[in-house]
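Visitor: have a look at this prediction, sequence included:
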Amino acid sequence: MTVSAVTIENLVKQYNGQTVINDLTLTIPRFGIFGLLGPNGAGKTTLMKILSGLVRPTGGALTIFGENALVDRCALKRLVGLAPQDNNMERELTVEETLQVYGRLFGVTSLRQRVEETIERFALSDMRRKLVRNLSGGMMRRALIARTLMVEPQLLLLDEPTVGLDPDVRHEIWEIIKNLAQSGKTIVLTTHYMDEAEKLCDQIAMLKDGQLAVLDTPAGIRERFGGADGGGALENLFIQLAKEGRS
């Protein structure tokens, strides 16, 4: 029997009495790219933080690659990597120093070799000695994803991976994401770019008020919510859910 990447059962998260994740049940398959979409306040970022171990849920169950992620917290460090929306790399370090520090923090073996492999894999040679604060937005995002992959997590969480980037740089990041999926990683990403979700994701979960509103493939969503030619389906669905949330 194939073990799912993530199994979420009746998950609840409350902050000061406000329910952000509301009895959510969801299964994320192994391999490929899974999209978490929804209007602001839908619970996407909170769910990503729970999956990464940064936030504990109020209730429910969470299994990652067969491990009870709410009991075995060490398993999360081994299995999950998070590239957050806000770049949290130390801006006064060089790219190479950033990879070295992160590798030491997580106990990466053969660290020097791993740093060199990562620099080559993500085409960072020309900027290895540049300070992070001097990188362009696209290069900074590339370095952030590279740092996250230093520990070779099986599950890679990308929170708004191309936000604020120019179109050509977005396409470069898309290629990195697709290559990572083809190499056997399971990727979960959030995005407000509907074209990004359409082009990258094998399956999409649309959240609303911390609950699952729609779970389908991009093709299935086109058929259910698109116009006569299937166009604009994701955007139509997103706008519909956003309007319902304001009503």
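Guide: The structure has been received and is ready for your questions. Residues are numbered from 1 along each chain as shown.
Visitor: all helices for the protein, in order.
Guide: With helices called from DSSP state H, the chain shows them at 44-52, 73-79, 95-105, 111-121, 137-148, 167-182, 194-200, 218-225, 233-246.
Visitor: what residues does the fourth one touch?
Guide: Right, helix 111-121. 95-96, 99-100, 103-104, 108, 124-125, 128, 146, 149-150 (CB atoms under 8 Å, 6 or more residues apart in numbering). No exception for glycine: its C-beta is placed from N, CA and C like everyone else's.
Visitor: before we move on, back to that, which one of the helices of the chain lies closest to Leu207?
Guide: Among the helices of the chain, helix 44-52 comes nearest to Leu207, with 6.0 Å by CB to CB.
Visitor: could you dump the closest one to CSV, C-alpha only?
Guide: C-alpha atoms of helix 44-52 as CSV (Å, rounded to 0.1, in the frame of the first residue of the first chain):
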residue,chain,number,x,y,z
LYS,A,44,-3.3,28.5,3.9
THR,A,45,-0.3,30.0,5.7
THR,A,46,-1.4,28.6,9.1
LEU,A,47,-1.7,25.1,7.5
MET,A,48,1.8,25.4,6.0
LYS,A,49,3.2,26.4,9.4
ILE,A,50,1.4,23.4,11.0
LEU,A,51,2.9,21.1,8.3
SER,A,52,6.4,22.5,8.9
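Visitor: what does it rub up against?
Guide: 6, 11, 13, 20-21, 24, 36-38, 55-57, 62, 64, 69, 76, 80-82, 85, 155, 157, 159, 188, 190, 207, 210.
Visitor: put the buried members of those residues into a ChimeraX selection.
Guide: Those of those that count as buried under 16 or more other CB atoms under 10 Å are selected in ChimeraX with:
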select :6,11,13,20,21,24,36,37,38,55,57,62,64,69,76,80,81,82,155,157,159,188,190,207,210
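Visitor: show me the shaky parts of the chain.
Guide: 1-2, 75, 227-231, 245-247 (pLDDT under 70).
Visitor: next, give phi and psi for Asp209.
Guide: Main-chain torsions, Asp209, degrees, to the nearest 10: phi 50, psi 40.
Visitor: show me what contacts it?
Guide: Asp209 neighbours (CB under 8 Å, 6+ apart): Asn22, Gly41, Ala42, Gly43, Gly245.
Visitor: make it 6 Å
Guide: With CB atoms under 6 Å, 6 or more residues apart in numbering as the criterion, no residue contacts Asp209.
Visitor: likewise Thr148?
Guide: Gly81, Ala83.
Visitor: neighbours of the residue nearest to Thr186 when sequence neighbours are not counted, how many?
Guide: Nearest non-adjacent residue to Thr186, counting by CB to CB, 6 or more residues apart in numbering: Ala5, 4.2 Å away. Each residue near Ala5 was counted by other CB atoms under 10 Å, and the total is 25.
Visitor: and Ala5, how far from Thr25?
Guide: 15 Å (CB to CB, to the nearest Å).
Visitor: surely the residue nearest to Thr186 meets Thr27?
Guide: No: using CB atoms under 6 Å, Ala5 makes no contact with Thr27, being 8.6 Å away.
Visitor: excluding its backbone neighbours, what's nearest Ala213?
Guide: Met206 is the one closest to Ala213 (CB to CB, 6+ apart), at 4.8 Å.
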